[in-house]
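>>> Predicted coordinates and the sequence they were generated for:
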Amino acid sequence: PKGVVVSHRSIIDYIEWILNEDKICPKPDDIIGNQSPFYFDNSVLDIYLCFFKGIKLVIIPEEKFLFPKDLLQYLYTKHINYIFWVPSLLNNIAKNKILDSSKPKFQKILFAGENMPTKTLNYWMENYPGTTFANLYGPTEITVDCTFYIIDKTFKENESLPIGTSCRNTQVMIFDESNQLITKSNQIGEICVRGSCLSLGYYNDLEKTNSVFIQNPLHQKYEDRVYKTGDLGYYTADRHIILTGRKDQQIKHNGYRIELGEIELALGDFDAIEGVCVVYDEQNSIIRLFYESKKEISKAEIFNHLKDKLPKYMLPQEYIWLETLPLNPNSKIDRKALKTFKKESK
């Protein structure tokens, strides 16, 4: 695994940004429930907010996350009301409707690390109408998060959730393939970041560091580092950023350029599907859709749902049902495992 060297300055700057955002800053009597392992960058928020604010941090036992009902009871017993989790864990609770029977007293729910399904968010917001929800975004290389969006409206289940606007002391820009700055709405490009949030690079790997921490393409007047995230996105009309996927999830299939994330989004309002991941088999030129649901759904039913939303060239060739999508150690959907999945589709 890559080692990212993050400076004390960047961590202090990150935490001071949160402390100055009233809507997501914890109060003196809040109790944070830590989900992220300490090797995962999301834990930086939990640990240093605890120190900076002098508030209580509960390190939730890892096994609690295997049993959502027990987890919620544990949160309630410990009076945890502030969490910063990955969406997959929030989805595990939502798909089983566990909040209907057990409901901790959350005041602030932050999430980051992967796309939050709008269907999952709507379930949580229905159960916590007075709670603050925020979508945070950022790779480890920019010290945890560089954009945020405080949820202030209801989204349709097939709508994308914005990652919002830049955090303090951070500039987020979008460049096209020619390194030209994108300013227009709805034009997809690579998300790039500059500011005091940037890490120092990769430990013992200058070649990799110099390939993604580059001189600002907008000028050559002085050293001005910009980090190329590898994530793709675009501006909405109100200048929020929508994340569409990663460059390595943008494929060329039968001559067409396809964003795999668009296929996943098109299934966001399919009620029976509780989780979805689309991968591309380069060797066999196959778009393969994995979905999680309580029972197997016919290929025809999924196809009929997608055919009016996507052009024919974007429709998956294989549909594979799993009772549970695999998660990696950081509790995100394990796309690498699904890329090498051997089960034959029916």
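Now that the structure is in, tell me what you want to look at. Numbering: from 1, shown residues only.

>>> For burial, what's the neighbour tally of Lys221?
The number of residues packed near Lys221 is 7, by other CB atoms under 10 Å. Heads up, the C-betas are built off the backbone N, CA and C, glycines and all.

>>> what kind of secondary structure is it in?
Following DSSP: H, G, I helix; E, B strand; the rest coil, the label given to Lys221 is coil.

>>> any idea how the chain splits into domains?
Split into domains by automatic domain parsing, the chain comes to 4-161, 170-245, 254-339.

>>> and these as JSON lines, adding mean pLDDT?
Formatted as JSON lines, the domains of the chain follow (pLDDT from 0 to 100):
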{"stretch": "domain 4-161", "mean pLDDT": "96"}
{"stretch": "domain 170-245", "mean pLDDT": "96"}
{"stretch": "domain 254-339", "mean pLDDT": "92"}
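
>>> so which of these is the most packed in?
Ranked by mean neighbour count, the domains of the chain are led by domain 4-161 with a mean of 18 (mean count of other CB atoms under 10 Å).

>>> okay, how far is it across that one, tip to tip?
28 Å (CA to CA, to the nearest Å).

>>> now do stretch 54-73
25 Å.

>>> ok, and what's touching it?
Contacting residues not belonging to stretch 54-73 are listed as 26, 28-35, 37, 46-47, 49-50, 74-75, 78, 80, 89, 92-93, 96, 98-99, 101-104, 331 [CB atoms under 8 Å, 6 or more residues apart in numbering].

>>> same check, this time on stretch 235-246
With contacts defined as CB under 8 Å, 6+ apart, stretch 235-246 is touched by 115, 137, 147, 149, 160, 162-165, 172, 174, 182-188, 191, 230-234, 259-262.

>>> and the residue nearest the centre of the chain, helix, strand or coil?
In the chain, the residue lying closest to the centroid (CA atoms, centre = their mean) is Glu114, at 2.0 Å. Here Glu114 is recorded as coil under three-state DSSP.

>>> residue contacts, the residue lying closest to it once chain neighbours are set aside?
Distances taken as CB to CB, 6 or more residues apart in numbering put Lys332 closest to Glu114, at 4.8 Å, once the chain neighbours are dropped. Residues counted as contacts of Lys332 (CB under 8 Å, 6+ apart) are 86, 88, 113-114.

>>> for these, which one is nearest Ala300?
Comparing the contacts of Lys332 against Ala300 with CB to CB places Ser88 closest, at 28.3 Å.

>>> did I read that right, that closest one in a helix?
Yes. Under three-state DSSP, Ser88 sits within a helix.
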